[in-house]
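Enquirer: task: produce atomic coordinates for the following.
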Amino acid sequence: MSVQTASHNPSIRATQSRDPYPTRLVRPLDMPWINRQEAVVKGNVSEGPLDQRQLDDFERNGFLFEPDFLSPDEVAELREELKVLLDCDEYAGKDFSITEPDSQEIRSLFAVHFLSERFARLAKDERLVGRARQIVGGDVYIHQSRINYKPGFEGKGFSWHSDFETWHAEDGMSAMHAVSASIVLTDNHHYNGPLMLIPGSHRVFVPCLGETPDDHHKQSLKTQEFGVPSRKALRELIGRSGIEAPTGAAGGLLLFDCNTLHGSNANMSPDPRSNVFFVYNRVDNACGEPYAAKRRRPAFLAHAPGESWAP
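Expert: Here you go, the predicted model:
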């Protein structure tokens, strides 16, 4: 497949025909999407904690929600740690601390497993790592971690997107061998901006239009404009399978495939919504040069296997 990307920088790997997932294009392809090349679930029921029904649900939908994954005591401890991190004056104004577009309320705090020993232990918890290893079919490392905090009344939404599209274009992740684990730390209601997902959307890759701007992360982490699927593709995919928004009490675990299209509405309620989010990438899928950006994103957004980071 030979495609033309929006930039002619020779370092951008998407200009090469070997890229199975071209994106950030000058013009749309003839088809709205490209079929996924990799299997969804690479392991089997004997290789981890998920049973066959759960693996089948993940294979079919591209996500799996497990209520009551953590105990109330564990959730209480993590919420205390969350408060400590959000109240830390030392992090204010730092590049890894992302505020809302129109206020100084924190929207996301990245590299959280390097900022907190408690969250580092959670990231390495075999209950999470075992599930990730079972889904991706091999040893994993943390590609990204963050806390998402959507404050009451102030928390804005996130546009529809595939994480893999960004990680492929801007971080150099070659293949779909990654899974995200999101643990809700506050009750998720239908009215406080829960994550919404399009079932089955993980089976196709939707190329996006437009050249990746320099330092795109500075804008995209607040309001994403590039790397967003077309409305035509979204209409077709949502028309096939609808939209699901798992809700429930704090402590639930949402596992979702790196390519599942997802987004969220603004939080118009007084109740904040927070979650801790770990991305497990297969070790042999470690990122190289970006496919559709001039340079890699900062290390707080995209870690390498065995890499340490400090604010």
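Enquirer: what about the helices in the protein?
Expert: Assigned by DSSP state H, the helices in the chain fall at 52-61, 72-86, 112-115, 117-123, 126-136, 163-166, 217-220, 231-241.
Enquirer: most neighbours per residue, which of these?
Expert: By mean neighbour count, with neighbours taken as mean count of other CB atoms under 10 Å, helix 163-166 ranks first of those at a mean of 25. The C-beta positions use only the backbone N, C-alpha and C, and glycine is treated the same way.
Enquirer: isn't E74 right up against V276?
Expert: No: shown here, E74 and V276 do not form a contact pair, counting by CB atoms under 8 Å, at 11.4 Å.
Enquirer: can I get the helices of the chain in CSV with distance to E38 and mean pLDDT?
Expert: Shown next, in CSV, are the helices of the chain (distance: least, CB to CB, whole Å; pLDDT from 0 to 100):
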stretch, distance to E38, mean pLDDT
helix 52-61, 12, 98
helix 72-86, 32, 94
helix 112-115, 26, 96
helix 117-123, 24, 97
helix 126-136, 10, 98
helix 163-166, 10, 96
helix 217-220, 25, 50
helix 231-241, 19, 95
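Enquirer: now render these as CSV, adding distance to H143.
Expert: Below are these laid out as CSV (distance: least, CB to CB, whole Å):
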stretch, distance to H143
helix 52-61, 19
helix 72-86, 20
helix 112-115, 11
helix 117-123, 11
helix 126-136, 11
helix 163-166, 10
helix 217-220, 14
helix 231-241, 25
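Enquirer: for F153, which of those is the nearest?
Expert: Each of the helices of the chain has some distance to F153 by CB to CB; the shortest is helix 72-86, at 16.3 Å.
Enquirer: just how off-centre is the closest one within its chain?
Expert: Here the centre of helix 72-86 is set off from its chain's centre by 22 Å, with CA atoms, centre = their mean, to the nearest Å.
Enquirer: ok, residues contacting it?
Expert: With contacts defined as CB atoms under 8 Å, 6 or more residues apart in numbering, helix 72-86 is touched by 70, 91, 106, 109, 112, 115-116, 118-119, 122, 147, 149, 183, 185-186, 250-251, 274, 276.
Enquirer: quick check: which of the helices of the chain is nearest to Q37?
Expert: Proximity to Q37 (CB to CB) singles out helix 163-166 among these, at 11.5 Å.
Enquirer: got the contact list for the closest one?
Expert: Residues from elsewhere that reach helix 163-166, judged by CB under 8 Å, 6+ apart: 21, 23, 173, 176, 178, 180, 205-206, 208, 220, 227, 258-259, 262, 279.
Enquirer: what does stretch 234-247 give?
Expert: Contact partners of stretch 234-247, identified using CB under 8 Å, 6+ apart, comprise 32, 61, 63, 65, 160, 188-190, 194-201, 204, 206, 252, 254, 261.
Enquirer: buried set for stretch 184-196?
Expert: Residues of stretch 184-196 classed as buried by neighbour count (16 or more other CB atoms under 10 Å): V184, L185, T186, D187, N188, N192, G193, P194, L195, M196.
Enquirer: first-to-last residue distance for it?
Expert: End-to-end distance of stretch 184-196 (CA to CA, to the nearest Å): 14 Å.
Enquirer: ok, A286 - contacts?
Expert: Counting by CB under 8 Å, 6+ apart, A286 touches Y141, A304, P305.
Enquirer: so how many other residues sit close to P305?
Expert: For P305, the count of nearby residues is 16 (other CB atoms under 10 Å).
Enquirer: ditto for the one 5 residues further on
Expert: The burial metric for A310, expressed as a neighbour count using other CB under 10 Å, is 8.
Enquirer: so how many other residues sit close to the nearest residue to L253 once chain neighbours are set aside?
Expert: Among residues not flanking L253 along the chain, F69 sits closest, at 3.6 Å (CB to CB, 6 or more residues apart in numbering). Close neighbours of F69, defined as other CB under 10 Å, add up to 19.
Enquirer: let me see the contact set for F69.
Expert: For F69, the contact set (CB under 8 Å, 6+ apart) comprises R127, I183, G251, G252, L253.
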